[in-house]
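Trainee: based on what follows, work out the 3D shape:
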Amino acid sequence: MKSKHLRSIIIAGSFLLICLFSVQVYWFNRAFNVAEKQFDHTVQVALKKVADSVSEDTEIRKLSSNFFLAITESKLNSQEVDRMVEKEFQLRSLDVDYEIGIYNADDDTLVYGNYVAATRQQVYDKTKTNITAASAKNLAVYFPGKRSYLAAELKIWIFSTVILLLMCGFFAYAMYSLLRERKFAELKSDFINNMTH
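Mentor: You can find the predicted model right below:
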C-alpha cells in the first residue's frame, strides 16, 4: 500500500471518528438538558401541589440547579409537609435522595431539616419534634445527587458513548499495527535488498 494512500485513509478515518464522537457528545448533552428540564418541571409541579395544599398564595423558585424554594403565606407543619412531599415525589417517580427544610420567613433560619434517601428512609431529622412555628413559611428542597441521578437515567447514551470510545481505540490500534507492519515490511525489504547487493 502506498504511503500517500495509507495517509489518506488514516486522515479520513480519524476525521470521521472525530465527527461521530462530536455528534455523540452533542446529542448526549441535549438529552441530559432535556432530562434536567423534565426533572425540574416535575419537582416544581410536585412542590406547587404541596404548597397549594397549605396556602393559596404560593411561589416556587429554582434558586440553583438542585435547590428549589416554595414560598407560602401560611405556616408549615413539618410532619405534614414531609408526608406530602414524599407522596408527591412517589406519584411522579422521583426516586432520588433529597433534603427538605422549612425556613423562617423573617430571617431565613432553618427551623426544620430532614434528609430522605431514594429508598424513602429518613436518614436524619434535624428536629425530632413536629414544628409548626408561625413564621415557618418557606419550604426548601435540595437534591445533592441530581446530576448522578440524571446520568443514571441516560444509561443508553452512556453505553453508546462507551462503545464509540472502544471503536476509536480499536481504530487507533489497527492504524498503529498497520503502520508498524508497514515499517517492518520496509525494513525487511531493505535488508533483503542489502543482502543481495
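Trainee: hey, where'd the strands end up in this structure?
Mentor: Under the criterion DSSP state E, strands of the chain are mapped to 59-64, 67-71, 98-104, 110-116, 122-125, 136-142.
Trainee: lowest-pLDDT helix or strand in this structure?
Mentor: strand 122-125 (a mean of 54; mean pLDDT, DSSP states H and E).
Trainee: just the mean pLDDT for stretch 74-90, thanks.
Mentor: Mean per-residue pLDDT for stretch 74-90: 89.
Trainee: try stretch 166-176
Mentor: Mean predicted lDDT for stretch 166-176 stands at 89.
Trainee: with stretch 141-151 instead?
Mentor: Computed over stretch 141-151, the average pLDDT equals 93.
Trainee: what's that stretch in contact with?
Mentor: 32, 35-36, 39, 43, 47, 65-68, 70, 85, 96-101, 158 (Cβ atoms under 8 Å, 6 or more residues apart in numbering). Every C-beta, even on glycine, is put in place using the N, C-alpha and C of the backbone.
Trainee: okay, how far is it across that stretch, tip to tip?
Mentor: 20 Å (Cα to Cα, to the nearest Å).
Trainee: before we move on, back to that, quick one, which of the strands of the chain gets closest to residue 193.
Mentor: Evaluated with Cβ to Cβ, the strands of the chain place strand 59-64 nearest to residue 193, the distance being 70.6 Å.
Trainee: alpha carbons only: can I get that closest one in PDB?
Mentor: Only the C-alpha atoms of strand 59-64 are listed here, as PDB (Å, rounded to 0.1, in the frame of the first residue of the first chain):
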ATOM      1  CA  GLU A  59     -44.500  30.900  44.600                       C
ATOM      2  CA  ILE A  60     -42.000  28.200  43.500                       C
ATOM      3  CA  ARG A  61     -38.400  29.400  42.800                       C
ATOM      4  CA  LYS A  62     -35.400  27.500  41.400                       C
ATOM      5  CA  LEU A  63     -32.500  29.000  43.200                       C
ATOM      6  CA  SER A  64     -29.800  26.800  41.700                       C
END
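Trainee: helices or strands next to it in the packing?
Mentor: helix 3-54, strand 67-71 (3 or more Cβ pairs under 8 Å, 6 or more residues apart in numbering; DSSP states H and E).
Trainee: neighbouring strands of that strand in the sheet, and parallel or not?
Mentor: strand 67-71 (antiparallel) (DSSP bridges).
Trainee: what sits against residue 35?
Mentor: Neighbours of residue 35 in contact, by Cβ under 8 Å, 6+ apart: 150, 153-154.
Trainee: okay, the residue lying closest to residue 154 once chain neighbours are set aside and residue 24: tell me how far apart.
Mentor: Computed as Cβ to Cβ, 6 or more residues apart in numbering, the closest residue to residue 154 that is not its neighbour in sequence is residue 31, at 5.7 Å. The gap separating residue 31 from residue 24 is 11 Å, by Cβ to Cβ, to the nearest Å.
Trainee: again with residue 117
Mentor: Taking Cβ to Cβ, one finds residue 117 at 33 Å from residue 24.
Trainee: neighbour-wise, which of the two wins?
Mentor: residue 24 (16 against 13; other Cβ atoms under 10 Å).
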